[in-house]
Every structure is written in structure tokens, then in C-alpha cells.
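Visitor: model this:
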Amino acid sequence: RERRKIIALVNRIPFPTHSPYDYAISAGDGGIDLLDTCKIAGDVITSDTVNGAVHVTGAVTEEDYATANFPLPVAPSGVGVNDLGAINLNGTTNFTINPGTYTCTSIEIKGNAKITLATIIGGGAVHLYCSGDIDAGGTGFVNTGADATTFFLYGTGESGNIKFHGTSDVYAAVYAPKYDCNVVGTAWGKGAINVYSYSGEGTSDIKHDPNLIGIGIVPGIDRVKMFAWREEKI
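Guide: Presented below is the predicted three-dimensional model:
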């Protein structure tokens, strides 16, 4: 029948004040690393720092703490969700995905293979949730509508890697806040990338699509994290 008092030490974790696709590149604590002759046409933001900011034509925002706290996307389940398992393509394979919602465990594209997203401008979107690594080589992702608002690629894992090094221009909105993303020599028609860390190499050219601004706003409030606590008798 003894009463006790709990004393706790907590720290406020601010919720992101912007939506996932408001910037060309939005990175968490892994920061942004731009090398060679890569270019970023649009604003970038990170909770860490930007190496190679000379490659950015827009505004550069560093040490924005809230940017590190985007929640993981959650893959939907049930009616209307198609499970594609592990996607492994090589040779000249053309794997077509129509507008809809899909889940998969990994993506690997090699040789001259490609994933064709059968979209049209202003039409229905492909929402693809991947729980593992994504390695888009070969021809890569071909979005027939050439419209980033029609292809949303999510990384749902607690950690992971995304690599774009295909030969096709990419039109996509990428939301994988716990993933490291590497783009090598691939041109982006338009889009946005939200990841833990981003590195651009070679002649990669990322263009932000302003039509993505405000899409995917994640509702929520600031949280707290407990660092220590103790009990005291009253």
C-alpha cells in the first residue's frame, strides 16, 4: 500500500512541419552527399548537413531536426492490395504494373529489364510498398505517363538501401525515411525523394516536381522520448 513518485527525463521529438515531397531531396540524420557533376534542381532539406551544396540550384536547409522524424510508411493489407513478393528481373524482361496498390519484399532490376508503370498524366497512381532493398538498374522504372504524381514508391523497412542506376528517366515520389538512397548517372524527369541519407554520383540529375507539394501530409503531433526514470517513495 505504499505510494511512489516517478521522476522521468524526457526529450521532445518534433513532428515534421512539411510533407514528405515538399523538397527535391529530404534527408534525415544521414545527410546529403553530392559528388561529381550531379545536379539537384529544387530545394533540399536535412536534419544533418549537405556536402556539395554547389550542386543545388534551390534553397539548402541544414540541421532541421524535425526532418529526422518522419514515421515509417505502413503497407496496407486486405482487398485491393496485390502482393508481388520478391521482384527479380533480368535480361529483357518487361514487368508491367497497372495503377493500384502493391506490396513486395524486394526489387532488383538487371540487364536490360524494366518495370513499366502503365500510367497516364493525371490518371490513377501506382503505390508500391517494399519492405526490403530496392536496386533499380537495367532500364529501371519506366513511367509511361511521365508524371511523378502517378508513381509512389515506399520503403517500409526499419533500414534498407535504394539504388537508382537504370538508363530510363525516373518520374516518382519516393518515401523511405529509414533507407539510404544512392543515385548514379540516372536522370530524373521530375519527382521527390524522402530518405534517411541521400548520395548522388556521376551525372545524376534530380528535378523536383512542385505538383507533389502538400501530397502525403502525415498527420500527428510532437512526441516525447524517455531517457531515464526513477522511483521515489512518498
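
Visitor: next SSE downstream of the helix or strand where residue 142 lies?
Guide: Remark: residue 142 resides in strand 140-143, with elements defined by DSSP states H and E. Remark: after strand 140-143, the chain's next helix or strand is strand 151-155, criterion DSSP H and E.

Visitor: list the strands paired with that next one, with their directions.
Guide: strand 126-130 (parallel), strand 170-184 (parallel) (DSSP bridges).

Visitor: next one: it to chain centre, how far?
Guide: 7 Å (Cα atoms, centre = their mean, to the nearest Å).

Visitor: immediately after it, which helix or strand?
Guide: Going down the chain from strand 151-155, the next helix or strand is strand 160-164, by DSSP H and E.

Visitor: next one, pLDDT for residue 17 please.
Guide: Reading off the confidence values, residue 17 has pLDDT 88.

Visitor: same deal with the one 3 residues further on?
Guide: The predicted structure scores residue 20 at 96 on the pLDDT scale.

Visitor: before we move on, what about residue 10?
Guide: The score at residue 10 is 87. That number is its pLDDT.

Visitor: next: residue 222.
Guide: Looking at residue 222, its pLDDT stands at 78.

Visitor: what's the answer for the one 3 residues further on, then?
Guide: Among the per-residue scores, residue 225 holds a pLDDT of 80.

Visitor: which strands and helices sit next to the helix or strand that contains it?
Guide: Assigned by DSSP H and E, residue 225 belongs to strand 223-233. Judged by 3 or more Cβ pairs under 8 Å, 6 or more residues apart in numbering; DSSP states H and E, strand 223-233 is in contact with strand 4-13. Yep, even glycine has a C-beta here, placed from its N, CA and C like the rest.

Visitor: relative to strand 223-233, how tilted is the strand it packs on?
Guide: Strand 4-13 runs at 160 degrees relative to strand 223-233, counting by axes from the mean of the first three to the mean of the last three Cα atoms, to 10 degrees.

Visitor: after strand 4-13, heading C-terminal, what element do we hit next?
Guide: Taking DSSP H and E, what comes next after strand 4-13 is strand 25-34.

Visitor: centre-most residue in the protein?
Guide: Geometric centre of the chain, nearest residue: residue 175, 2.7 Å, by Cα atoms, centre = their mean.
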